[in-house]
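Asks: I need the structure of the sequence given here:
(2 chains)
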Amino acid sequence: MSCKLTQRFVPGYLDGELDLSQTIEMETHLQVCGECARELERQQALRAALQRSSLAYAAPEALRERIQSSLRAPAPIEAPERAGGWNAMQVLRPLLVLGWAGAFAVLALCALIAWQLVPGLHGPSSDQRLATEVLTSHVRSLEANHLMDVVSTDQHTVKPWFDGKLDFSPPVEDLASDDFPLVGGRLDYLEGRQVAALVYQRRKHFINVFVWPDTRGSSSTQTIQPQQGYNMMRWSRGGFQFWAVSDVSAQDLAEFVRLLQARTAPESK
Amino acid sequence: MPGAATRERFEQAVLPHLDAAYNLARWLTRNEQDAQDVTQEAFLRAFRFFDGYQGGNMRAWLLTIVRNTCYTWLHQNRPPDSAVEFDEEIHSSESSGAADPELQVLASADKETVHRALEELPDIFREVLVLREIEGMSYKEIADVASVSLGTVMSRLARARTRLRQSLGAVLRKES
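Replies: From the prediction side, this is the model:
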């Protein structure tokens, strides 16, 4: 190609991206330059071929419904909804069928459920609610194949990535030398606000660390009662609140938290 | 998760762009089921970040999230796009006057061939063409969605079109 305008201006002209004076200049030029005119004609033919090929996919109606219902019931690991309306007969009938062994099993199950419920009788504390939220986010990040928005083992890549996406700058430390390499980060949502999620790896397991500014005042490191096989710890440091959650062993998680705390500066910035 | 009032606002503002979201996911994943899963995940993420939405171009904001969700998904589920060596020079005949063979090729390209040629482009070229030619987005909007500069949008678009013309030409030459 010899005309220097061809590559520079033909696509912009085609896409309506030239300003007025460039457009006028291009139109005058097209009258005299065979090369540009030919290139424009081909680009227009390509566009026409794309246009007549009905390339746009419309979303299936079922997807719209799926999305709307998932917005209404967003937490994936909540207990299944109890079927409304039951009567004594429905409960008793299996007992009659199963006989004494069955009855005993059901009683044992009831006792177990009751025992599980007792600590929660006074309603879940805000920490327990938050623990459930943290766990939900952790499980969702693994289930939905959405563990990381920024994939990097470099803390100097991960930290700036959060700039402009959050109203705070989370402390980011790599623990690769201690066999807990940082593998990435993403934005998440907890307690009604955006939080930073830092992802660390321990062999094949992932550790999510959620970080956001501490509004409750500092508290000591707490180990949360394991839920569904996941261990959780929380602490605050340097004006930030931290929650770590993972399926690594409680000892590994405690070790990880100790190492991370040693790295993060205790003073607020 | 944000509350019911937010959800209503979200549905009114964002759901009208579902087709655009699904279209982009469908072209990037090249699979119907995956596109549905990715779109749903993208909407849930958009919902979570809806409070952080500063106003402005809603479609571009949503498609940015869809695109990121797609790439995270592709990164974890598919082998990376092989960087194919490609001669992007157009070896067009300069013969003036006579019927232009490339024009004839483009004019005769059928739906299926165009579809396949677009599908076979590398991700970064396919996405700019989808955003430009199907969604009709401006260079600026594409730059926002793909998080690249205007210059990069222009050069990717030019290269994408060149590649598409070449592969259409190659397919149709083989057929005839």
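
Asks: contacts and neighbour counts: CA atoms only from here.
Replies: OK.

Asks: what's the helix or strand for A:Thr28?
Replies: Using DSSP states H and E, A:Thr28 sits within helix A:20-32.

Asks: pull out the buried positions in that helix.
Replies: A:23, A:26, A:30 (16 or more other C-alpha atoms under 10 Å in any protein chain shown).

Asks: could you do stretch A:183-194 as well?
Replies: For stretch A:183-194, by 16+ other C-alpha under 10 Å, it's A:183-190, A:194.

Asks: sorry, back to before: average pLDDT across the helix holding A:Thr28?
Replies: In this model, helix A:20-32 carries a mean pLDDT of 90.

Asks: does that helix reach chain B?
Replies: No - in terms of C-alpha under 8 Å from any C-alpha of the partner chain, no part of helix A:20-32 sits within range of chain B; the closest distance is 13.4 Å.

Asks: quick one: contacts of whichever strand or helix holds A:Ser236?
Replies: Here A:Ser236 sits within strand A:230-237, counting by DSSP H and E. With contacts defined as C-alpha atoms under 8 Å, 6 or more residues apart in numbering or on different chains, strand A:230-237 is touched by A:131, A:135, A:214, A:218-226, A:241-250, A:253-254, A:257, A:261, A:264-268.

Asks: tell me the phi and psi of residue 162?
Replies: Just so you know, I chose chain A. phi -70, psi -20 (degrees, to the nearest 10).

Asks: tell me, how many residues neighbour it?
Replies: 20 (other C-alpha atoms under 10 Å in any protein chain shown).

Asks: next: B:Thr29.
Replies: 21.

Asks: which residue is the nearest non-sequential neighbour of the residue in the stretch 1-150 of chain A that chain B sits nearest to?
Replies: The nearest approach of the stretch 1-150 of chain A to chain B comes at A:Ser53, 4.4 Å away (C-alpha to the nearest C-alpha). Nearest residue to A:Ser53, sequence neighbours excluded (C-alpha to C-alpha, 6 or more residues apart in numbering or on different chains): B:Lys111, at 4.4 Å.

Asks: I'd say that neighbour and B:Ala117 touch.
Replies: No - judged on C-alpha atoms under 8 Å, B:Lys111 makes no contact with B:Ala117 at a distance of 10.0 Å.

Asks: follow-up on the earlier one: give me the helices and strands touching the helix holding A:Thr28, please.
Replies: The helices and strands touching helix A:20-32, judged by 3 or more C-alpha pairs under 8 Å, 6 or more residues apart in numbering or on different chains; DSSP states H and E, are helix A:4-14, helix A:34-51.

Asks: list the helices and strands the first one packs on?
Replies: Helix A:4-14 makes packing contacts with helix A:20-32, helix A:34-51 when contacts are defined by 3+ C-alpha pairs under 8 Å, 6+ apart.

Asks: distance from the chain centre to the first one, please.
Replies: In this case it means helix A:20-32. 49 Å (C-alpha atoms, centre = their mean, to the nearest Å).

Asks: which residues are contacting that helix?
Replies: A:9, A:13, A:36-37.

Asks: any weak-confidence spans in chain B?
Replies: Scanning chain B for pLDDT under 70 picks out the ranges B:1-2, B:81-98, B:176.

Asks: right, I mislabeled it, should have said the stretch 151-269 of chain A
Replies: A:217-218, A:265-269.

Asks: same thing but at 50, please
Replies: A:267-269 (pLDDT under 50).

Asks: one step back: so the residue of the stretch 1-150 of chain A closest to chain B, which of the three states?
Replies: coil (DSSP: H, G, I helix; E, B strand; the rest coil).

Asks: for B:Ala107, grab the count of nearby residues.
Replies: 14.

Asks: domain parsing for chain B?
Replies: B:4-77, B:101-175 (automatic domain parsing).

Asks: do the shortest one and chain A meet?
Replies: I take that to be domain B:4-77. Yes - against chain A, domain B:4-77 shows contacts by C-alpha under 8 Å from any C-alpha at B:7, B:18-20, B:22-23, B:26, B:36, B:40-41, B:43-44, B:47-49, B:68-69, B:72-73, B:76.

Asks: ok, of those residues, which come out buried?
Replies: Here, 16+ other C-alpha under 10 Å leaves B:7, B:18-20, B:22-23, B:26, B:36, B:40-41, B:43-44, B:47-49, B:68-69, B:72-73 buried among the residues of domain B:4-77 next to chain A.

Asks: ok so A:Gly184 is a helix residue?
Replies: No - checked against three-state DSSP, A:Gly184 lies outside a helix; its state is strand.

Asks: that one: what's it in contact with?
Replies: Contacts of A:Gly184 by C-alpha under 8 Å, 6+ apart are A:148-153, A:158, A:198-200.

Asks: quick one: the strands in chain A?
Replies: Along chain A, counting by DSSP state E, strands occupy A:150-151, A:182-190, A:193-202, A:205-213, A:222-227, A:230-237, A:240-246.

Asks: show me the contacts for the residue nearest the centre of chain B.
Replies: Residue closest to the mean C-alpha point of chain B, counted by C-alpha atoms, centre = their mean, is B:Glu127 at 2.4 Å. By C-alpha under 8 Å, 6+ apart, the residues touching B:Glu127 are B:24, B:27-28.

Asks: gap between it and chain A?
Replies: Going from B:Glu127 to chain A by C-alpha to the nearest C-alpha, to the nearest Å gives 13 Å.

Asks: Three-state assignment for the nearest residue to B:Glu141 once chain neighbours are set aside, please.
Replies: Of all residues not flanking B:Glu141 in the chain, B:Ala60 sits nearest, at 6.3 Å (C-alpha to C-alpha, 6+ apart). Of the three states, B:Ala60 takes helix under three-state DSSP.

Asks: test my guess that B:Ala60 contacts B:Ala143.
Replies: No - assessed by C-alpha under 8 Å, B:Ala60 is found out of contact with B:Ala143, at 9.6 Å.

Asks: roughly how far does the residue of chain A positioned farthest from its centre sit from A:Arg38?
Replies: Within chain A, A:Val32 marks the point farthest from the mean C-alpha position, 56.0 Å out by C-alpha atoms, centre = their mean. Note on A:Val32: its distance to A:Arg38, by C-alpha to C-alpha, to the nearest Å, is 11 Å.

Asks: that's all I had, so thanks and see you.
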